[in-house]
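Asks: Build me a model from this:
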Amino acid sequence: MVFTSDNKYACFNTGLITSNLEEIFAFFEEYKNPKSGFTTPYCFKAFLKKSDNNILKHFSHNIPDIANFFDRPELLIFNPKCELIPDIDHIIKDNISRFPSHLQTTDHAELRRQLTGSIDEVKIRVKTNYKIAVPQYYDGKIQLLLPLCLTSGSPNPDLALVVHRLNDKTYTARTCLTLKMAYNNARLIVKPQSNWLKP
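Replies: The predicted structure follows:
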């Protein structure tokens, strides 16, 4: 977020572009008559392209760039030479409500077998196609999302396994997300291009 010198206006780069590839900014104006106890000092006015007069008039000296979520681009791609070690018990115990409803009442030993099998399968798949791993930005870190197919015969994944890199040789996974949660987190960086993660 960038502010004018008098703090009357603010804007940020949305990371989106127009059909003519022009950057789009969210433009805000300071409330002229703020209500008592109202803590938000700005109101949203419009989404404006970079060449819009309001952007040029107020921010031409300080146009904000797209948010930078990473300094190490290699973190965005799954390294097939690394080992992936999941904490299966933790994933089930803390995330059972995220599993498909028909699996939430499954015996934990059976669910553990299904989850282990699904993770073993996706380990092989991501080693042969790195694009399966979708980056997300969470809690100040880059993580990777991998599709978990738990429902037999279904062409679509049920969950996204959250993988983060411990060191140059090891990934770990301690949680999973619903596909909606995964899409929202991944969208913070860029619209996911992998065909398994869709809105």
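Asks: So if we follow the domain assignment, how does the protein break up?
Replies: Domain assignment for the chain by automatic domain parsing gives 2-59, 73-187.
Asks: In a markdown table: these, plus mean neighbour count.
Replies: No exception for glycine: its C-beta is placed from N, CA and C like everyone else's. Shown next, in a markdown table, are these (neighbours: other C-beta atoms under 10 Å):
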| stretch | mean neighbour count |
| --- | --- |
| domain 2-59 | 14 |
| domain 73-187 | 16 |
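Asks: out of those, nearest to residue 196?
Replies: Closest to residue 196 of the domains of the chain, according to C-beta to C-beta: domain 73-187, at 4.4 Å.
Asks: tell me the mean pLDDT over the closest one?
Replies: Domain 73-187 carries an average pLDDT of 90.
Asks: end-to-end on it?
Replies: 17 Å (C-alpha to C-alpha, to the nearest Å).
Asks: from the chain's centre, how far out does it sit?
Replies: 14 Å (C-alpha atoms, centre = their mean, to the nearest Å).
Asks: can you offset everything so residue one is 328?
Replies: OK, 328 is where the count begins now, so the last one is domain 400-514.
Asks: does residue 351 really touch residue 379, like I thought?
Replies: No - the pair residue 351 and residue 379 does not pass the contact test of C-beta atoms under 8 Å, sitting 9.5 Å apart.
Asks: re the thing from before, turn the domains of the chain into JSON lines, including distance to residue 392.
Replies: Listed next are these as JSON lines, based on distance: least, C-beta to C-beta, whole Å:
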{"stretch": "domain 329-386", "distance to residue 392": "6"}
{"stretch": "domain 400-514", "distance to residue 392": "16"}
